[in-house]
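Participant: got a predicted structure plus its sequence, pasted below:
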Amino acid sequence: MDINDSVALVTGANRGLGRAFAQRLRERGARKVYATARRPETVDLPGVEALPLDITSPASVRAVAAAAPDVTLLVNNAGIQTGTDLVTGSLAAVRHEVETNVLGHLEMIRAFAPALARNGGGAIVNVLSAMSWFGTRGAGAYHLTKAAAWAMTNGVRLELADQGTLVTAVHLGLADTDMSAGWPVDKIAPSDLADAALDGVEAGAAEVLADQWSRDVKSRLTLTPEEFNAAMDRALAALAA
């Protein structure tokens, strides 16, 4: 599909990657951009239509779907990272990440799939992570949710193929956002990530590996678990050095 003249809705559009998506969509010729956030008054981009949205609230998702029936491109960007381990961390925090990063995205897809079908098929972008494929201590819950979101993305791609909806999974290592502020390493600029994702949509790509880190991690998936973990330990040590 063409980004030019599309009607897009971006979740979590008040900052970070979501704001970059909304801005680049406008700059690339989208006819309309719905920029959603829990507090829509925090959306500061000109030329977008700010809407309230909490993706963990079914009522809020239904309301935004009713308010934006003309959407042809859904960008599922909103997400959280609680820094929770799976075995010793708060189970409530794990559930909160699952409800946001997996079920929240699925709720949005289920709500907007009929509109996308009516509007010619369109596309869905799910912003995932290289942590779809590996975990670290202190981020077990995040790894769980991104792995589950990857599987969910692959599943809905199959289910929505008959209505002509493209479903694009976008993986990245670290982007230069508030979430990664504590990591003094090279990071992809949010605008570059947004462009890579939107280029992928225009090319009809099912998957976008937006940076070298995500490409390197995925290339190791054919290794045994022992080999993979050793390789990731070396890569993470080099990253932190």
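Facilitator: Perfect, thanks for sending it.
Participant: shouldn't Ala65 be within a helix?
Facilitator: Yes: counting by DSSP: H, G, I helix; E, B strand; the rest coil, Ala65 is located in a helix.
Participant: and the gap between the residue nearest to the spatial centre of the chain and Phe21?
Facilitator: Nearest to the geometric centre of the chain sits Val127, at 1.7 Å (C-alpha atoms, centre = their mean). In this view, Val127 and Phe21 are 8 Å apart by C-beta to C-beta, to the nearest Å. Yep, even glycine has a C-beta here, placed from its N, CA and C like the rest.
Participant: need the overlap of contacts for these two.
Facilitator: Both Val127 and Phe21 are contacted by Val75, Asn77, Ala197, under the criterion C-beta atoms under 8 Å, 6 or more residues apart in numbering.
Participant: can you tell me the element the first one falls in?
Facilitator: Using DSSP states H and E, the secondary-structure element containing Val75 is strand 73-76.
Participant: what do you get for Thr36?
Facilitator: Counting by DSSP H and E, Thr36 is found in strand 32-37.
Participant: got it, and Gly79?
Facilitator: Assigned by DSSP H and E, Gly79 belongs to no helix or strand.
Participant: could you look up the SS state of the residue lying closest to it once chain neighbours are set aside?
Facilitator: Closest residue to Gly79 apart from its sequence neighbours, by C-beta to C-beta, 6 or more residues apart in numbering: Asn101 at 4.7 Å. Look at Asn101: counting by three-state DSSP, its state is helix.
Participant: got the contact list for Asn101?
Facilitator: Gly79, Ile80, Tyr142, Thr145, Lys146, Ala148, Ala149.
Participant: repeat that with 7 Å
Facilitator: Listed by C-beta atoms under 7 Å, 6 or more residues apart in numbering, the contact set of Asn101 reads Gly79, Ile80, Thr145, Lys146, Ala149.
Participant: wait, which of the residues you listed is closest to Ala205?
Facilitator: Each of the contacts of Asn101 was scored against Ala205 by C-beta to C-beta, and Ala149 proved nearest at 17.4 Å.
Participant: in this structure, what residue spans correspond to strands?
Facilitator: Secondary structure of the chain, counting by DSSP state E: strands at 7-10, 32-37, 49-52, 73-76, 123-127, 166-171, 207-209.
Participant: need the ones you listed in JSON lines with mean pLDDT and distance to Ala237, can you?
Facilitator: As requested, the strands of the chain are exported to JSON lines (pLDDT from 0 to 100; distance: least, C-beta to C-beta, whole Å):
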{"stretch": "strand 7-10", "mean pLDDT": "98", "distance to Ala237": "35"}
{"stretch": "strand 32-37", "mean pLDDT": "98", "distance to Ala237": "37"}
{"stretch": "strand 49-52", "mean pLDDT": "98", "distance to Ala237": "43"}
{"stretch": "strand 73-76", "mean pLDDT": "98", "distance to Ala237": "32"}
{"stretch": "strand 123-127", "mean pLDDT": "98", "distance to Ala237": "27"}
{"stretch": "strand 166-171", "mean pLDDT": "98", "distance to Ala237": "22"}
{"stretch": "strand 207-209", "mean pLDDT": "98", "distance to Ala237": "22"}
